[in-house]
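1. Take this sequence and fold it.
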Amino acid sequence: MDRHEHPRWDVTHLPDLAGRTAVVTGASSGLGLATVEALARAGAHVTLAVRDPHRGQAAMRTLEGARGKMSVRPLDLADLTSVRQFATDWEGDLDLLINNAGVANMPQSSTKDGFENHFGTNHLGHFALTNLLLPHITGRVVTVSSLAHKIPRGTRINFDNLNLTGEYSPVTAYSQSKLANLLFALELQRRLGRAGSPVRSMAAHPGYSVTALHDDNATWVLRSFGRALNRFYAQDARTGALPTLFAAVADLPGASFVGPDGPGERRGSPALVSRSSRASDPDAAARLWTVSEELTGIAFPELDV
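-> Presented below is the predicted three-dimensional model:
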């Protein structure tokens, strides 16, 4: 598919999603909330999976009037106990899982399970959630990555030091986690295909879009720079969510990667985009999966297909 084949795709092209169910992580603001809004207005029943249910409820109230139902459930991706509880409480089929939540450029810190925060939240939390929910999923898993996976200092997974002990930098930590997202999506599709499952694993990135991630930046310089870019350069959250939505509904092969089609993939309409060579490495993807299983204690499930 040519990357300019759908130059004007927007939320008006979403199909009728009445009767469909979706979970969106990190859904209380920014790209996540914009994704919820589009899916709910198309008729889907959307669960906002959020760390702070009070913020989630407040966010949901801003979308009153959408055709689809919405609900809020607590989920802390930095706590595997919370992830397990969310999955245990889930009942019924799930058409669409949107792995959107993330942290970025934070000071060095750890999740409740002792993992470096970016890697533990952005990758391991979603890895665990996806595998635990897979027996319920009937449609697609869309994992949101970033252009940061191509940043030179972050173009590899540091398998010998995943926590980056003694060599930590916020940018490296974030870009490693975003590379992990793409490798996860790749290996998930391979395993789904091998199992004969019709579920598709997709990946997307929003280009440069307005986000609250800059509020977590490690220094005031990074925070100020990020907010300035949000104000003067970034596209709005509704536009930034389009690649995720396109990956969720368009007729694309599994393991597709969707992003904006403009210069540098920073802005534009959703289209198939390229990933770095390291994000396309099946051996690294398989190794990351094995390591992730060992760290979380959660494996690819037996599927009834």
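2. Please make it C-alpha for all contacts and neighbour counts, starting now.
-> Noted.
3. okay, and for this protein, where does confidence drop off?
-> 1-7, 152-154, 210-234 (pLDDT under 70).
4. all strands in it, in order from the N-terminus.
-> Assigned by DSSP state E, the strands in the chain fall at 21-25, 45-50, 70-74, 94-99, 137-144, 200-204, 257-260, 270-272.
5. Show me what the third one is packed against.
-> Pointing back at strand 70-74 there. Identification of packing neighbours for strand 70-74 by 3 or more C-alpha pairs under 8 Å, 6 or more residues apart in numbering; DSSP states H and E yields strand 45-50, helix 53-61, helix 80-89.
6. Can you convert the strands of the chain into JSON lines and add a column each for mean neighbour count?
-> Below are those laid out as JSON lines (neighbours: other C-alpha atoms under 10 Å):
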{"stretch": "strand 21-25", "mean neighbour count": "25"}
{"stretch": "strand 45-50", "mean neighbour count": "25"}
{"stretch": "strand 70-74", "mean neighbour count": "19"}
{"stretch": "strand 94-99", "mean neighbour count": "25"}
{"stretch": "strand 137-144", "mean neighbour count": "24"}
{"stretch": "strand 200-204", "mean neighbour count": "29"}
{"stretch": "strand 257-260", "mean neighbour count": "30"}
{"stretch": "strand 270-272", "mean neighbour count": "28"}
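7. could you dump those to TSV with distance to residue 190?
-> Output for the strands of the chain, formatted as TSV (distance: least, C-alpha to C-alpha, whole Å):
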stretch	distance to residue 190
strand 21-25	22
strand 45-50	26
strand 70-74	30
strand 94-99	18
strand 137-144	13
strand 200-204	9
strand 257-260	15
strand 270-272	19
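8. closest to residue 124 out of the ones you listed?
-> Closest to residue 124 of those is strand 94-99 (C-alpha to C-alpha; 11.3 Å).
9. what angle separates the closest one from strand 21-25?
-> Counting by axes from the mean of the first three to the mean of the last three C-alpha atoms, to 10 degrees, strand 94-99 points 10 degrees away from the direction of strand 21-25.
10. Residue 303: neighbour count?
-> Taking other C-alpha atoms under 10 Å as the criterion, the count of residues near residue 303 is 13.
11. OK, contacts around it?
-> Going by C-alpha atoms under 8 Å, 6 or more residues apart in numbering, residue 303 touches 134-135, 195, 197.
12. do the same with residue 34
-> Counting by C-alpha under 8 Å, 6+ apart, residue 34 has contacts 237-238, 241.
13. For the residues you listed, pick the one with the most neighbours.
-> Result: residue 241 is most packed of the contacts of residue 34 (other C-alpha under 10 Å), 30 neighbours.
14. Show me what stretch 274-289 is in contact with.
-> 149-150, 155-156, 179-180, 182-184, 186-187, 257.
15. Isn't residue 171 up against residue 107?
-> No - using C-alpha atoms under 8 Å, residue 171 makes no contact with residue 107, being 10.0 Å away.
16. Next, show the common contact partners of the two.
-> Common neighbours of residue 171 and residue 107 (C-alpha under 8 Å, 6+ apart) do not exist.
17. Spit out the contact partners of residue 151.
-> Residue 151 neighbours (C-alpha under 8 Å, 6+ apart): residue 175.
18. I'd like the numbering to begin with 13 instead of 1 from here.
-> Got it, the first residue is 13 from now on, which makes the last one we talked about residue 163.
19. any idea how far residue 109 lies from residue 170?
-> Noted for residue 109: a distance of 28 Å to residue 170, by C-alpha to C-alpha, to the nearest Å.
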